[in-house]
Every structure is written in C-alpha cells, then in structure tokens.
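S.K.: Fold the following.
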Amino acid sequence: MTYALRQIAVFGCMAALMPLAALAQNAPPPPPVTVAKPVVRDVVDSDEFIGRFEPVDEVSVRSRVGGYLQEIHFQDGALVKQGDLLFVIDQRPFITALNQAKATLEAAQSTLVFADTQYKRAQSLASSGSQSAQTLDDRRREFDSAEANVRGAQAAADRASLDMEYTEIKAPLSGRIDRRLISAGNLVQTDQTVLTTIVSLDPIDFYFDVDERRLLNFADTARKLGKDLQQGGGGLDVSVTISDPNAKPFKGKLDFAENRVDNQSGTIRLRARFPNPDLVLQPGLFGRIQVEASNTYQAILVPDEAIGSDQNERVVYVVADDGTVSTKPVRPGPRLYGYRVIREGLDGTETIVVNGVIRARPGSKITPQMTELPKERQDTAPETAGAESGQ
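M.R.: Model prediction:
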C-alpha cells in the first residue's frame, strides 16, 4: 500500500470514531438514586394472633324463689352496680309464710318457758323427796323437747325471712345488663327461669389460641424470666388492635394459659387481661393480639421498598464506593418499627438503595444520594413474626 493510500485509511478510521467520542461526551450521567445505611437497633420480635374478648365475670340472673314477677327496676342495656335492685317477685305469699313462722316460733318459745318452769319445780321437789325420779325424768324430757321445738321454729322463721329477702333480686356484680328476658306477670320457676344476664366490662379478658411451635417459644421465654406460662409468664406485656383503624392499640398483660394442649387442634388457649375504663372493648369483639416472641436482640432493619426479588429469592441492592450496584441475597423477617427485619445477608455496614430501585441495575453505576433513615417509621402497618416474607 502506498503512502497516500495509508493516509486515506487513517483519516477514514478517525472519521468513523469521531461520532462515538462525541456520543460518549454527550451521554447522561448515572441516574440519581437514594441510598442509606440500614437501621441497627435493639428489638423484640412479636407474634400476632386472632382472638376474642370475653368478660371476666358473667352471670345468668335467676330467682332463688318461685312466684309471679311483679316489678322490673332497670332499663335494658344499662350499666348496673353490684347490689342494685333488678326484679321483685310477688311478696304476699312470702309475707304470710313469714308471719306464720314467727307465730310458730312464739308458741314454741312459750311452751319452752312452761317446760322450763315445770322442770325446775320437779327438781326442787325431787331434792326434798316429794317428787319421784320418774316424774323428774318426764319433766326433763318435756323441757328438752320444747327446746328442740324452739330451734326448729327458729330455723323455719329464718328460712321464711330468707325467702322473703330472695323476692328482691339484686345485681350480683357490676357491669352491663342485657334486656329483660321475661315480662312482669309471668311465673318464675325457682333456679330455672333466666331473667337476664350481666357481664363485667372493666377489666376485660382476651382469649386466643397458640400452636405448639410458638407455645414452646413462649414457654422458653417465660422460663428465662423465672415464671410459668400458665401463670401469665410473669405478666408479659401484650397489645391488641381492633377493626377500628382509628383506634390505638390497647395495652394489657398476659395472665393465664391452659394446663394442656388440645389433642385435636394441637393448640393451647392463652388469656390476656386489659383495662377498659372507657368501655370501648366489648365481650365478643374480635381483635389481633401482639405477643413478644423473643428476648431483646440487635436487628438490622431496612424499608420494604428496598427489598427486591430475583427469581425465588429476596435481594437488596448494595452500592459500592464508586457507585456500582450489586445484589445481595437476604432472608427477611417480621416488620418492626415500620421496617423489615433482615435475618441473614446484611451486617448493617452496607450502603443500600432505599428509593429508586427500578433505576438500579446490577453492574451499572448510579449517582448515590445519601440519606439517613429514622429509627422508627409510622407510615406502615405492623406485621407479625409469623408472617415473615420470603419463607
């Protein structure tokens, strides 16, 4: 090739490369992406269960005496206090029975006075030899019999007085009363007819069932505290949320667990008790209870939006010092304080993509915009340890 031809070839190659260099100079910078360090803090895992509120005390009000219902002294659904008058049974038959019992008692007491006088007279005559021993024994028997009759009459009078008292049916406990289940004028059967029911409201109990795996975890946590789960694990703090999204979680304490696992369902029933001064919580209401499922440990927390998917595993996008993006497989845990706990995969020193994951590609570069994550976020709903993603 001649010199002229070589020059033409060189100039041709340079002309071909000039557009590429110009494109490189005009290429946009790497996309900006928000990055941050994971939150590292002490946490306690919690499990969530669905349960139902039940009253601490519940009574079906019945009458201890039979008769016709005469008066009703409450309004359906009202709050009543222990000792409040609720119903009155027709008292006239019981007044008659009480008067008769008192009359019988007075007659028996009179007979006793006479028998006592006769017995003392016989004793005096027998001591002087003017009365036989047989007569003295008869007078003693008559006195003992009269004394026994007085005790029997006294018991009958006490019983009649008690029946008279039972005609006024009073509230056995404080709480919310149900509607009247029988109207005035109806016949009330002794210890059978249910007149109404009363449930206590403050405090109130919450019952929920726990499977065997979590039961063993709770029991181990209670033992480490030196307590038994059956006695409430030492009053372990719990919280419950209801269906009202505006209601704050209610705070209470675990106070009881049954003494055996149900062999059909494989669960055990636990109970927590909650103060209810405002009477917001009602018997029969459903709720979700959060129970501490671990002792305190140091956890690595990241936002849910920082976790992506790569086929069948969860990944976090890690940014190197030069802005290069790479992925790191992680094992997510429960959501706490508005973040997702990372069980495995991170040590807390990494810089991760927290916003703009869609613009981050493994192997590419980004323009990192560093931010600091708060220790707790309030913009996400709580989740249970039992609902860990990626498991």
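S.K.: so where's the stretch 1-150 of the chain shaky on pLDDT?
M.R.: Counting by pLDDT under 70, the ranges of the stretch 1-150 of the chain that qualify are 1-28, 45, 129-131, 136.
S.K.: just the strands in it please.
M.R.: 32-36, 39-43, 46-55, 58-62, 67-72, 79-80, 85-89 (DSSP state E, counting those that start in this stretch).
S.K.: Tell me which of those sits nearest to A115.
M.R.: strand 67-72 (37.5 Å; C-beta to C-beta). Where you see a C-beta, it was placed from the backbone N, CA and C, and this is true even at glycine.
S.K.: and that closest one, how far out from the chain's middle?
M.R.: 39 Å (C-alpha atoms, centre = their mean, to the nearest Å).
S.K.: That strand: which residues count as buried?
M.R.: 67, 69, 72 (16 or more other C-beta atoms under 10 Å).
S.K.: between that strand and strand 85-89, how big is the angle?
M.R.: Angle, strand 67-72 to strand 85-89, by axes from the mean of the first three to the mean of the last three C-alpha atoms, to 10 degrees: 140 degrees.
S.K.: Other residues contacting strand 67-72?
M.R.: With contacts defined as C-beta atoms under 8 Å, 6 or more residues apart in numbering, strand 67-72 is touched by 86-91, 93-94, 167, 180, 182-188, 195.
S.K.: make it 10 Å
M.R.: 63, 85-94, 163, 166-169, 180, 182-190, 193, 195-196 (C-beta atoms under 10 Å, 6 or more residues apart in numbering).
S.K.: Generate a PyMOL selection restricted to the buried entries among these.
M.R.: In PyMOL syntax, the buried subset of the contacts of strand 67-72 is picked out as below (16+ other C-beta under 10 Å):
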select buried, resi 63+86+87+88+89+90+91+93+94+163+166+167+169+180+182+188+193+195+196
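S.K.: In helices, which of the contacts of strand 67-72 appear?
M.R.: Those of the contacts of strand 67-72 mapping onto helices are 92-94, 163, 166, per DSSP state H.
S.K.: related to what we said a few turns ago, among the strands of the stretch 1-150 of the chain, which comes closest to R359?
M.R.: Proximity to R359, assessed across these by C-beta to C-beta, is greatest for strand 32-36 (5.5 Å).
S.K.: list the helices and strands that closest one packs on?
M.R.: Applying 3 or more C-beta pairs under 10 Å, 6 or more residues apart in numbering; DSSP states H and E, one finds that strand 32-36 contacts strand 313-319, strand 352-355, strand 367-370.
S.K.: okay if I get those as a markdown table plus mean neighbour count?
M.R.: Output for the helices and strands packed on strand 32-36, formatted as a markdown table (neighbours: other C-beta atoms under 10 Å):
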| stretch | mean neighbour count |
| --- | --- |
| strand 313-319 | 20 |
| strand 352-355 | 21 |
| strand 367-370 | 14 |
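S.K.: G152 is nearest to which of those?
M.R.: For G152, the closest of those is strand 313-319, at 84.9 Å, according to C-beta to C-beta.
S.K.: by how many degrees do the helix or strand just after that closest one and strand 46-55 diverge?
M.R.: Downstream of strand 313-319, the first helix or strand assigned by DSSP states H and E is strand 325-336. Counting by the same axes, to 10 degrees, strand 325-336 lies at 20 degrees to strand 46-55.
S.K.: Could you export strand 325-336 as PDB, CA atoms only?
M.R.: Taking C-alpha atoms only, strand 325-336 is exported to PDB below (Å, rounded to 0.1, in the frame of the first residue of the first chain):
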ATOM      1  CA  VAL A 325     -24.700  -1.600  42.100                       C
ATOM      2  CA  SER A 326     -24.700  -5.200  43.100                       C
ATOM      3  CA  THR A 327     -27.300  -7.500  44.600                       C
ATOM      4  CA  LYS A 328     -27.100  -9.400  47.900                       C
ATOM      5  CA  PRO A 329     -29.500 -12.200  48.800                       C
ATOM      6  CA  VAL A 330     -31.200 -11.700  52.200                       C
ATOM      7  CA  ARG A 331     -33.700 -13.500  54.400                       C
ATOM      8  CA  PRO A 332     -36.400 -11.100  55.600                       C
ATOM      9  CA  GLY A 333     -38.100 -11.400  58.900                       C
ATOM     10  CA  PRO A 334     -41.000  -9.600  60.600                       C
ATOM     11  CA  ARG A 335     -41.800  -5.900  60.200                       C
ATOM     12  CA  LEU A 336     -41.000  -3.900  63.200                       C
END
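S.K.: That strand pairs with which strands?
M.R.: Here strand 325-336 has these sheet partners by DSSP bridges: strand 313-319 (antiparallel), strand 339-344 (antiparallel).
S.K.: OK, contacts around the residue nearest to the spatial centre of the chain?
M.R.: In the chain, the residue lying closest to the centroid (C-alpha atoms, centre = their mean) is F206, at 2.6 Å. The contact partners of F206, by C-beta under 10 Å, 6+ apart, come to 49, 51-54, 238, 240, 250, 252, 254, 270-274, 281, 285-287, 289.
S.K.: Assign it to helix, strand or coil.
M.R.: F206 carries the three-state label strand when classified by DSSP: H, G, I helix; E, B strand; the rest coil.
S.K.: What residues are bridge-paired with it?
M.R.: Applying DSSP bridges to F206 yields these beta-bridge partners: F53, A272.
S.K.: Renumber starting at 83 from here on
M.R.: Happy to do that; since the first residue is 83 now, the last one works out to F288.
S.K.: Need the per-residue pLDDT for it.
M.R.: According to the prediction, F288 has pLDDT 94.
S.K.: So it versus G415, what's the distance?
M.R.: Separation of F288 from G415 (C-beta to C-beta, to the nearest Å): 25 Å.
S.K.: would I440 count as being in a helix?
M.R.: Yes: assigned with three-state DSSP, I440 falls within a helix.
S.K.: tell me the contacts of it?
M.R.: So I440 contacts 113, 115, 390 (C-beta under 10 Å, 6+ apart).
S.K.: Is the last one part of a helix or strand, or is it coil?
M.R.: Right, the one you point to is G390. Following three-state DSSP, G390 is assigned to strand.
S.K.: F196 touches E224, doesn't it?
M.R.: Yes: look at F196 against E224 with C-beta atoms under 10 Å: they come within range, at 8.8 Å.
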